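>>> This is the structure alone, sequence omitted:
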């Protein structure tokens with residue numbers, strides 16, 4: 001009986017101090033509080049989307065799908081295991097920032113469905129050349145592919161094979177990709193073509 005009373009008092013004390021189960025997880029793995037302006041809609045969108053573009057806001061863990069200038073859907077996303085900074089090199093587990101485009105759609109992805117991002121972009125390639133992560137020939141290959149709207153060179157020290165894909169958005173768990181819930185990547189996958197612009201902002 002005394003043990004039960006002690007446990008009850010401990011729960012009351014923790015509750016009054018504002019403790020919750022979510023506090024047991026590291027801050028980097030928890031999603032920020034959802035602002036009222038970022039409320040997620042559950043209604044389906046009309047397909048196809050005219051003049052689509054995608055904007056990912058990392059600090060809010062949100063992906064916004066636009067049709068022209070009109071925002072038509074917002075999705076929750078998970079990011080890389082090191083979600084705050086811009087990507088610098090292979091293995092840093094960071095989600096890159098900047099302007100990209102979808103360079104491939106994979107309907108047989110190990111993460112349900114995936115949209116490949118055109119990383120590294122010119123900014124990352126220039127920084128990589130300056131820092132000695134890539135050589136001039138690799139830099140030229142990346143810039144040439146970007147000019148043709150193709151997939152840039154992937155197997156360098158800058159890293160690559162970054163996608164918007166499925167398998168869940170509840171935490172930051174990827175190696176630098178943008179992860180959605182499967183139902184959401186299904187809708188997005190069906191809504192946008194190869195070449196769709198993607199902006200990833202801090």
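Received, thanks. All figures in this text were calculated on a predicted structure; none of them were measured in a lab.

>>> Name the residues linked to the closest residue in space to residue 177 that isn't next to it in sequence by a beta bridge.
Spatial nearest neighbour of residue 177, chain neighbours left out: residue 163 (4.8 Å); criterion: Cβ to Cβ, 6 or more residues apart in numbering. Yep, even glycine has a C-beta here, placed from its N, CA and C like the rest. When bridges are called by DSSP bridges, residue 163 pairs up with residue 116.

>>> what sits against residue 163?
For residue 163, the contacting residues are 106, 109, 111, 114-117, 177-178, by Cβ atoms under 8 Å, 6 or more residues apart in numbering.

>>> same check, this time on residue 157
Going by Cβ under 8 Å, 6+ apart, the list of residues near residue 157 reads 89-90, 128, 133-134.

>>> try residue 198
53-56, 99-102, 117-118, 164.

>>> Next, format the contacts of residue 157 as CSV and append secondary structure and pLDDT.
Below are the contacts of residue 157 laid out as CSV (DSSP: H, G, I helix; E, B strand; the rest coil; pLDDT from 0 to 100):
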residue, secondary structure, pLDDT
89, coil, 95
90, coil, 96
128, helix, 97
133, coil, 97
134, coil, 98
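
>>> Among those residues, find me the one that's closest to residue 156.
residue 134 (5.0 Å; Cβ to Cβ).

>>> so what's that closest one closest to, chain neighbours aside?
Distances taken as Cβ to Cβ, 6+ apart put residue 128 closest to residue 134, at 4.4 Å, once the chain neighbours are dropped.

>>> Residue 157 too?
Among residues not flanking residue 157 along the chain, residue 133 sits closest, at 4.2 Å (Cβ to Cβ, 6+ apart).

>>> Then residue 113?
residue 189 (4.5 Å).

>>> doesn't that neighbour fall inside a helix?
Yes. If the criterion is DSSP: H, G, I helix; E, B strand; the rest coil, then residue 189 is within a helix.

>>> Look up how far residue 183 lies from it.
For residue 189, the distance to residue 183 (Cβ to Cβ, to the nearest Å) stands at 11 Å.

>>> Those two: which has the busier surroundings?
Higher neighbour count among residue 189 and residue 183: residue 189, with 21 against 13, using other Cβ atoms under 10 Å.

>>> Mind pulling the model confidence for the more buried one?
Looking at residue 189, its pLDDT stands at 97.

>>> what about it, distance to residue 200?
18 Å.

>>> following the one helix or strand in the chain whose mean pLDDT sits lowest, which helix or strand comes up?
Every helix and strand of the chain was ranked by mean pLDDT, DSSP states H and E. The lowest is helix 2-16, at a mean of 39. Next along the chain after helix 2-16, taking DSSP states H and E as the criterion, comes strand 52-57.

>>> quick check, distance from that following strand to the centre of its chain.
Per Cα atoms, centre = their mean, to the nearest Å, the displacement of strand 52-57 from the mean C-alpha position of its chain is 10 Å.
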